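A.B. asks: Turn this into a model:
(one chain, ligands or ions: 1)
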Amino acid sequence: MTLIDGNLISNQIKEEVKEKVSQLVQAGHKQPHLAAILVGNDGASQTYVGHKVKSCEQVGFKSTLIRCEDTITENELIQQIHQLNNNPYIDGFIVQLPLPKHIDADKILLEIDASKDVDGFHPINFGRMCLNLPAYIPATPMGIMTLIERYKIETAGKHCVVIGRSNIVGRPMSVLMSRSGIDCTVTLCHSRTKNLKEECLRADIIIAALGKPQFVTKDMVKPGAVIIDVGITRLEDASKKSGYRIVGDVDFEGVKDQCSFITPVPGGVGPMTVVSLLLNTLQASQKLIYNN
Ligand code: GUN
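C.D. replies: Numbers count the residues shown, from 1 in each chain. A predicted model of the protein is given here:
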């Protein structure tokens with residue numbers, strides 16, 4: 001079994017991005033600049049956004065964090081977005097999800113200028129991705145594709161089972177894995193799928209993105225399968241200083257000897273999400289996808 005080391009690959013990519021930024025700045029370009037809007041005080045979201053800001057610093061990007069009370073109205077949030085859309089110093093920005101219940105996330109994401117939508121959540125980017133046109137690719141799926149590429153995991157003609165149909169991970173993942181050049185046959189499973197265990201047992205590659213801790217167990221995995229674990233659930237754990245531990249959607253200990261490759265949690269897919277966002281922002285700053 002090979003452990004897929006997301007920390008190692010993400011650090012390599014950060015070094016590559018840092019080098020590119022320094023070349024751009026030496027050639028007279030400004031530093032790439034990412035902004036993030038964080039609404040409310042959700043602990044996990046604060047941690048993720050904190051990682052994004054810190055990573056910007058590490059590679060020489062500028063970053064701006066805009067924090068809003070969770071009582072912010074939809075219209076006020078839309079105004080913030082319009083300001084970022086119109087701010088020529090901001091190359092790209094994200095609105096950290098989830099948003100409070102009184103805010104319609106779909107409506108909010110529509111307000112982001114597609115050319116600054118470095119999360120790739122706007123329907124324009126999502127549609128362009130589906131059509132193989134230049135687009136920002138959502139960060140977590142993009143990070144997984146990078147891991148598959150850098151670990152030279154065979155995909156052509158393989159059967160990939162994606163568990164979970166979220167707009168952020170499962171659905172875009174199913175699109176990317178079936179693309180020409182990757183060439184998997186993809187089954188997208190979800191909460192209404194019948195015989196999920198049998199579907200998983202047919203998989204050469206399982207991408208678990210359903211958000212249920214330790215859901216994928218040894219009896220669901222074909223010997224030699226590749227396991228990509230996207231889950232990040234915080235479970236209470238009094239023995240930890242933080243009071244919790246992070247658990248994936250896969251029963252890692254049970255599955256690890258059954259598979260050919262596996263991503264750990266933490267240290268697998270998670271760090272790749274952040275570097276993908278950096279790569280999208282680097283593209284935005286060079287206007288490589290949209291040239292306006
Ligand atoms: N919440 C969970 N994952 C993500 C992500 O990739 N981007 C944003 N904006 N919010 C998230």
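
A.B. asks: all helices of the stretch 151-292 of the chain, in order?
C.D. replies: 170-177, 196-201, 252-255, 270-285 (DSSP state H, counting those that start in this stretch).

A.B. asks: Same list (the ones you listed) but as CSV, adding distance to the ligand and mean neighbour count.
C.D. replies: Just so you know, the C-beta spots here come from the backbone N, C-alpha and C atoms, and that holds for glycine as well. Shown next, in CSV, are those (distance: least, C-beta to the nearest ligand atom, whole Å; neighbours: other C-beta atoms under 10 Å):
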stretch, distance to the ligand, mean neighbour count
helix 170-177, 11, 23
helix 196-201, 23, 16
helix 252-255, 21, 16
helix 270-285, 6, 24
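
A.B. asks: hmm, who's touching stretch 10-22?
C.D. replies: By C-beta atoms under 8 Å, 6 or more residues apart in numbering, the list of residues contacting stretch 10-22 from outside reads 31-32, 55, 58-61, 143, 146, 271-272, 274-275, 278-279, 282.

A.B. asks: repeat that with 7 Å
C.D. replies: 31-32, 55, 58-61, 271-272, 274-275, 278-279, 282 (C-beta atoms under 7 Å, 6 or more residues apart in numbering).

A.B. asks: Repeat that for stretch 241-259.
C.D. replies: Under C-beta under 7 Å, 6+ apart, the answer for stretch 241-259 is 1, 208-218, 221, 223-227, 229-237, 262, 264-266.

A.B. asks: Buried residues, the helix or strand where residue 127 lies. List them.
C.D. replies: With secondary structure defined by DSSP states H and E, residue 127 is part of helix 123-130. Within helix 123-130, the residues scored as buried using 16 or more other C-beta atoms under 10 Å are 124, 125, 126, 128, 129.

A.B. asks: how many other residues sit next to the residue of the stretch 51-200 of the chain found nearest the ligand?
C.D. replies: Nearest residue of the stretch 51-200 of the chain to the ligand, counting by C-beta to the nearest ligand atom: residue 97, 3.7 Å away. The tally of other residues near residue 97 (other C-beta atoms under 10 Å) stands at 16.

A.B. asks: Counting neighbours, what do you get for the closest residue to it other than its chain neighbours?
C.D. replies: Excluding its sequence neighbours, the residue lying closest to residue 97 (C-beta to C-beta, 6 or more residues apart in numbering) is residue 105, at 6.0 Å. For residue 105, the count of nearby residues is 14 (other C-beta under 10 Å).

A.B. asks: Residue 105 and residue 94: what is the separation?
C.D. replies: 12 Å (C-beta to C-beta, to the nearest Å).

A.B. asks: Looking at the buried residues of helix 123-130, which one is closest to residue 151?
C.D. replies: Checking these against residue 151 by C-beta to C-beta gives residue 129 as the nearest, at 22.4 Å.

A.B. asks: Let me see the contact set for the closest residue in space to that closest one that isn't next to it in sequence.
C.D. replies: Among residues not flanking residue 129 along the chain, residue 135 sits closest, at 4.4 Å (C-beta to C-beta, 6+ apart). Contact analysis of residue 135 by C-beta under 7 Å, 6+ apart lists 120, 125, 128, 129, 289.

A.B. asks: mind redoing it with 6 Å?
C.D. replies: 125, 128, 129 (C-beta atoms under 6 Å, 6 or more residues apart in numbering).

A.B. asks: per-residue confidence for the last one?
C.D. replies: The one in question is residue 129. Looking at residue 129, its pLDDT is 98.

A.B. asks: The one 10 residues further on now?
C.D. replies: The predicted local distance difference test score for residue 139 is 98.

A.B. asks: Then residue 292?
C.D. replies: Note on residue 292: pLDDT of 66.

A.B. asks: My reading is that the residue nearest to residue 129 lies in a strand. Confirm?
C.D. replies: No. Under DSSP: H, G, I helix; E, B strand; the rest coil, residue 135 sits outside any strand and is assigned coil.

A.B. asks: how far off helix 270-285 does the lengthiest helix in the chain point, in degrees?
C.D. replies: If you go by DSSP state H, the chain has its longest helix at helix 6-26. Relative orientation of helix 6-26 and helix 270-285, computed by axes from the mean of the first three to the mean of the last three C-alpha atoms, to 10 degrees: 20 degrees.
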